[in-house]
Every structure is written in C-alpha cells, then in structure tokens.
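**Q** just a sequence and a predicted model for now, questions to come.
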Amino acid sequence: MKQNLVSLEFSAAQLEAVDAALAALEKNLAELVTLTAEQRRKALKMGDGSEVFCRQTELVLRQNAGMVPADFELAEFQQDIATLDALRPRLQRLRALTDRADDTELALGSDILSASLDGYALTKVFGKGTSLDTLKEAMKTRLSRKPRKPASPEA
C-alpha cells in the first residue's frame, strides 16, 4: 500500500464513549431548531456588521427602558443575545471537530481507494483462471468509465 494518510482504529470503549457523548449532546441541545430551506432563504441574516448594530440597539434600549413599549419583548431580545453568546464557542468547537472528522473520513476513503487500485493492479498480474476473476470483472466495470471531458477546450 503506497498511500497511508491516516492509520486509525477505534476501540469498542472509545466508540461507546463517543456514542454516549453524542447522546448527551443531542439531549442537551434538543431545543435547537431545524429550519426549512424556505425559512432559511427568507430569514434576516445577521452578519458581523449588523451584529454590532444589534448589540448597540440592545444597549440603548436597556439604558432607556422607559421608552420601550410594553409589547416589545426586551427580555426576549436580551435572552437571544445571551444564548447566542453561550452557543457560539461550543459551535466553534463542534465545527473544528467536524472539520477534523470530515478530513479523517476523506483520508480513510482515499487510503481505501488507493489500496484498492493497488490491489486491482496486482490482480491483473496474477492472470486468469484464479478465484480473483469475479473481483477483476467488478473492478474493470468500475474503472472502465470514460474520462471526464475538460471544462474548456485547450488552446
């Protein structure tokens, strides 16, 4: 095997601990919402610039609570900001972990495909009449796809 981007094996205890941790996350984050594509498309998006505006607005409203009408839910507004501030560092950690997991998944898949291609090359050397004929036929089908055409013609 020429390529080995990752060499990793999880013990049963590790997998059990990960599953328990994921179950705890799912339980403790059960109130997270799932938006439809339409809801995502229509939702106002708070970027970095608008976040400064939002925080400044909350500060002005808090300092001038007497001007806030009774039907404006200032406490809910403040709770949303506090919850966002509490959620963000955890999301950052989850994203970093997910990025590493995605990279590991890609590396494992790449190692597996590389080893399979090396194995296929070996089966071609072994010749016909072996028990590898079925595997060779299956692999030949996978590898016989036409190459992709370039996006633009070469000059």
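**A** Received the coordinates, thanks. Residues are numbered from 1 along each chain as shown.

**Q** how far away is the residue nearest to the spatial centre of the chain from residue 104?
**A** Central residue of the chain (CA atoms, centre = their mean): residue 98, 5.2 Å from the mean position. Between residue 98 and residue 104 the computed distance is 11 Å (CB to CB, to the nearest Å). Heads up, the C-betas are built off the backbone N, CA and C, glycines and all.

**Q** before we move on, what about residue 110?
**A** 11 Å.

**Q** now swap in residue 49 and tell me
**A** For residue 49, the distance to residue 104 - CB to CB - is 35 Å.

**Q** which one's more surrounded, those two?
**A** The neighbour comparison of residue 49 against residue 104 (other CB atoms under 10 Å) goes to residue 104, with 13 against 8.

**Q** who does the helix or strand where residue 85 lies touch, helix- and strand-wise?
**A** Assigned by DSSP states H and E, residue 85 belongs to helix 74-126. Judged by 3 or more CB pairs under 8 Å, 6 or more residues apart in numbering; DSSP states H and E, helix 74-126 is in contact with helix 48-63, helix 133-143.

**Q** flag whichever of the ones you listed has the least confidence on average.
**A** Here the lowest mean pLDDT among the helices and strands packed on helix 74-126 goes to helix 133-143, at a mean of 71.

**Q** tell me which of the helices and strands packed on helix 74-126 lies nearest to residue 36.
**A** helix 48-63 (22.7 Å; CB to CB).
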